[in-house]
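[1] show me how the following folds:
(one chain, ligands or ions: 1)
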Amino acid sequence: MVAPPDNDVLWARALHYSPNGSPALQGVSLGVREGEILAVCGPRGSGKSSLLRCLSGRLVPAEGEVWFNSTPLHTMDRHQREQLRRERFGWIGTEPGLVPELTGWENAALPLLLRGAARSAAKNAALDWLDRLDAGDCARRRPHQLRQDQCQRIAIARALITLPPLLFADEPTAALHRADGNQVLRTLTAAARSHRITVLMTTGDPDIAALADRTVHLLDGRRIGATPFHAATGAEGRDACSLSV
Ligand SMILES: Nc1ncnc2c1ncn2[C@@H]1O[C@H](COP(=O)(O)OP(=O)(O)OP(=O)(O)O)[C@@H](O)[C@H]1O
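    Next up, the predicted model:
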């Protein structure tokens, strides 16, 4: 086993994944630096979700290595991976996946409540995050009373409330109206930057990818190059990836 580079918080080498014989990932390698916001782009079926699921320990690749700092995910058993995901990773899916019986703030506070936090402290933290995500007026309503973008803001608050070192977002705004999606993502990336949360997100939308520090592209389960984002303007861009395919 090869040790990962010191400056990468997440590092993957030569990932292969073929569900039901369909080659979703064919040798993808990737490094993500601490505090970086990285967008994985590609057309439908290019392997974006499969990559995110392998990197976050939701799936185990058939071949290859995944390291979180100095911890190898690919050799962990299921219980160890679940614990790591619960304690260190955040996840935002395309659908909010809220609990219908709970209010907005209870949904956002759920990770803290499950960790045994006092209800009042968890509520205050949830209200704070909902405010920051422009969803303060959703706190006392249940999901069926809310719009899709409001539910997704609650899901983002739920993912951020524990301040995970690493946040995975799988097409987090794909189900939203374009303007809503862009605004939700701006708030998410601003919150992540202010807390130095590393973010790995997938998207098929170049406008969403433009909010990241760096973009990598997938096609047919392979990386087809890495571009430092904003390289032309130098506005927010950081160095290119430490590893290529
Ligand atoms: N569980 C599965 N069973 C069979 N095929 C799968 C499975 N998961 C992914 N695939 C196939 O692997 C390829 C990559 O899928 P994946 O969902 O990772 O791509 P994607 O880029 O996220 O696409 P989308 O934007 O449509 O979600 C596709 O051809 C898909 O049909």
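
[2] just give me the residue closest to the centre of this protein.
    Phe168 (1.5 Å; Cα atoms, centre = their mean).

[3] helices or strands up against the helix ranked longest in the chain?
    Counting residues, the longest helix found in the chain (DSSP state H) is helix 178-194. Packing partners of helix 178-194 (3 or more Cβ pairs under 8 Å, 6 or more residues apart in numbering; DSSP states H and E): strand 37-41, helix 148-160, strand 198-203, helix 206-209. C-betas here are computed from N, CA, C, even on glycine.

[4] if we go to 10 Å?
    The contact analysis (3 or more Cβ pairs under 10 Å, 6 or more residues apart in numbering; DSSP states H and E) places helix 178-194 against strand 37-41, strand 89-92, helix 119-132, helix 148-160, strand 166-170, strand 198-203, helix 206-209.

[5] just want the angle from the third one to helix 148-160.
    What it means is helix 119-132. With axes from the mean of the first three to the mean of the last three Cα atoms, to 10 degrees applied, the angle from helix 119-132 to helix 148-160 works out at 130 degrees.

[6] tell me what helix 119-132 is packed against?
    helix 104-114, helix 148-160, helix 178-194.

[7] excluding chain neighbours, what is closest to Gly42?
    Leu218 (3.7 Å; Cβ to Cβ, 6 or more residues apart in numbering).

[8] run through the bridge partners of the one you found.
    For Leu218, the beta-bridge partners under DSSP bridges are Arg223.

[9] count of neighbours near it?
    24 (other Cβ atoms under 10 Å).

[10] okay, it: pLDDT?
    For Leu218, the pLDDT comes out at 96.

[11] which residues touch it?
    Leu218 makes contact with 24-26, 28, 30, 40-43, 45-48, 50-51, 202, 224, according to Cβ atoms under 10 Å, 6 or more residues apart in numbering.

[12] got the buried residues for the longest helix of the chain?
    By 16 or more other Cβ atoms under 10 Å, the buried positions in helix 178-194 come out as Asp180, Gly181, Asn182, Gln183, Val184, Leu185, Thr187, Leu188, Thr189, Ala191, Ala192.
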